[in-house]
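Undergrad: How does the following fold in three dimensions:
(2 chains)
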Amino acid sequence: MKNNILVIGGGPAGLEASANLKRMGYNVILIEKESKLGGHLAKWDRLFPDGVSARKTLEALTDEIRGVNCFTETQVQSLNILDKSYNAILSNGITVLADAVLLSSGFDLFKAEKKEEYGYGIYEGVITNADLEKAFREKKMPLNEPRAIGFVHCVGSRDEKAGNPACSKVCCATAVKQACEIKEVYPNADVYCFYMDLRMFGRHYEDLYLKAQKEFGIRFIRGRVSEVAEMADGRLQVKAEDTLSSKPIRVTLDMLVLMAGMRPSEAGRSVGRQINLTTEDDGFFSSEDNLLAIQKSKLPGFFYAGACTGPKTLPDTLHEARSAALEIDRYIKENTREK
Amino acid sequence: MIDFGFTVSPSSRLDLDKMDRTSFNALAKIEPDVLKCMACGSCTASCTAAQFEPTSLRQAILLLQRAQVEQALNLLKGCMLCGKCTMVCPRGINTRHLIISIQKIYGK
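TA: The predicted structure follows:
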């Protein structure tokens, strides 16, 4: 059995699906646009809810892809649907004739500078969740003895004006995790989380919230930050409504971390346009069925795994990658002649 | 003072920079569970006294966090320490004991 399977996107979904397809005996071609594999996971430091190392998690995934034909810094240049197969020309000049294609293009982080009132890219003290992970990862914390730090939940999520009315699912747990981590680095600083609802839905997420309150003394303020302004000394004045006491609130912070949400990957969408893949109103790809067949597109032989069909946690993504591998195996056995 | 013919209302804005948290921190030390409140309102909903005069432990905790002591204590005046709120608190806070601790720290 030597059927070619093309996997587009080398983040956790692409890696896990490739490893499983390889084990099933397929010839897997995995392409990744960046210079290294891992997607956002490669840029993260620790993962909620238990704080395990992102680096080790990624190593465990990449250890499993031996034998997969892997091309980094490579994108799809053109993709055509043939009779029962797909013809892809890659940016490295290689042409792949694939019996099935798995799209695992994931997400892009919402561009926080679009929420101009928060001052990302304008004030030095305003950073994003990804910037903070980078600082944790490189052990280069940007502040010296800060007095107060804040986290803004739902930046570019649940925000129609920002073009994304949906919840990005992972930011609440990430914010609470990062708030605890920052308190570990700066135990004397006051740490605030500005939230609308806390969506701590997964196993152990509520424990994380409780730990943040009781052990770390994180102060949760229910209300969305309305505006941020820099003061003469470079600190930030932040305004919100404390909706639990129905009063406007102000606080001066040394750093404000914006929890940028998930948007469909632009690189993934450009692959989709090549074969007229349909998306839903939120910009993420439409599945054959949102309950029974999330991993299947409406095109035969074209499959999805991970956040290209909407915001997902890492375990969700890995489960989908495994189930997509099974679906592809079933499709190949039912629809193509084994080689 | 010169009479300009108008008055200025005091701001109702809460300024977190200026809040003295010393007493709240002292409370959290003897009653760490006060930090566990997630403002669900079960305590207030089950409170018998709240049916007759403004009584709310949920709101009192919030006000103490915001250093608004007088308002907070006013919301606990009606409490008869019956302990119904302790039975309903989903976070398992011993609310009855918490109210006693609040009186210890803040009571005159």
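Undergrad: Show the pLDDT at the residue of the stretch 1-150 of chain A found nearest chain B.
TA: Relative to chain B, the nearest point of the stretch 1-150 of chain A is residue A:148 (7.9 Å; Cβ to the nearest Cβ). Where C-beta positions appear, they are placed from N, C-alpha and C, glycine not excepted. You'll see residue A:148 listed with a pLDDT of 97.
Undergrad: Enumerate the residues of chain B near chain A.
TA: Residues of chain B lying close to chain A (Cβ under 8 Å from any Cβ of the partner chain) are B:12-17, B:28, B:32-33, B:35-36, B:38-39, B:59, B:62-63, B:65-66, B:91.
Undergrad: Skipping its backbone neighbours, what lies nearest the residue of chain B found nearest chain A in space?
TA: Scanning chain B for the residue nearest chain A gives residue B:16, at 3.8 Å (criterion: Cβ to the nearest Cβ). For residue B:16, ignoring the flanking residues on the chain, the nearest one in space by Cβ to Cβ, 6 or more residues apart in numbering or on different chains is residue A:251 at 3.8 Å.
Undergrad: again, but for residue A:53
TA: Per Cβ to Cβ, 6+ apart, closest to residue A:53 is residue A:46, 6.1 Å.
Undergrad: contacting residues for the one you found?
TA: Residue A:46 is in contact with A:52-54, A:136, A:177, A:181, counting by Cβ atoms under 8 Å, 6 or more residues apart in numbering or on different chains.
Undergrad: most neighbours, which of those residues?
TA: Greatest neighbour count in those, by other Cβ atoms under 10 Å in any protein chain shown, goes to residue A:177: 23 neighbours.
Undergrad: Next, the residue most central in space within chain B: phi, psi?
TA: Centroid-nearest residue in chain B: residue B:60, 1.5 Å away (criterion: Cα atoms, centre = their mean). The phi and psi values for residue B:60, taken as degrees, to the nearest 10, are phi -60, psi -40.
Undergrad: ok, now how distant is it from residue A:306?
TA: 46 Å (Cβ to Cβ, to the nearest Å).
Undergrad: Residue A:212 too?
TA: For residue A:212, the distance to residue A:306 equals 28 Å [Cβ to Cβ].
Undergrad: Same check on residue A:74?
TA: 19 Å.
Undergrad: do you know how far residue A:188 is from residue A:145?
TA: Taking Cβ to Cβ, one finds residue A:188 at 7 Å from residue A:145.
Undergrad: Tell me the confidence at the one residue in chain A that gets nearest to chain B?
TA: Of all residues in chain A, residue A:251 sits closest to chain B, at 3.8 Å by Cβ to the nearest Cβ. Here, the pLDDT recorded for residue A:251 equals 97.
Undergrad: neighbours of it, just the number please.
TA: Residue A:251: 23 surrounding residues under other Cβ under 10 Å.
Undergrad: Please apply the same query to residue B:11.
TA: When neighbours are counted by other Cβ under 10 Å, residue B:11 comes out with 10.
Undergrad: just residue B:8 next, same as before
TA: As a burial measure, residue B:8 scores 6 neighbours (other Cβ under 10 Å).
Undergrad: secondary structure class for it?
TA: Assigned with DSSP: H, G, I helix; E, B strand; the rest coil, residue B:8 falls in the coil class.
Undergrad: how about the helices of chain A, start to end?
TA: Shown for chain A, the helices assigned by DSSP state H span residues A:12-23, A:54-62, A:129-138, A:171-185, A:205-214, A:266-274, A:314-335.
Undergrad: most tightly surrounded among those?
TA: helix A:12-23 (a mean of 26; mean count of other Cβ atoms under 10 Å in any protein chain shown).
Undergrad: Could you point out which residue ranges in chain B have low pLDDT?
TA: For chain B, no stretch is flagged by pLDDT under 70.
Undergrad: Where is the longest helix in it?
TA: helix B:95-106.
Undergrad: List of residues touching that one?
TA: B:23, B:26-27, B:30-31, B:33-34, B:43, B:57, B:60, B:64, B:69, B:72-73, B:76, B:79, B:81-83, B:85-86, B:89.
Undergrad: the domain parsing of chain A - what is it?
TA: A:4-106+A:265-335, A:112-260 (automatic domain parsing).
Undergrad: Those domains into JSON lines, with extra columns for distance to residue B:103?
TA: JSON lines is the format used below for these (distance: least, Cβ to Cβ, whole Å):
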{"stretch": "domain A:4-106+A:265-335", "distance to residue B:103": "37"}
{"stretch": "domain A:112-260", "distance to residue B:103": "22"}
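Undergrad: Next up, the contacts around the residue lying closest to residue A:323 once chain neighbours are set aside.
TA: The shortest distance from residue A:323 to any non-neighbouring residue, by Cβ to Cβ, 6+ apart, is to residue A:295 (5.6 Å). The neighbours of residue A:295, taking Cβ under 8 Å, 6+ apart as the test, are A:287, A:303-305, A:320, A:323-324, A:327.
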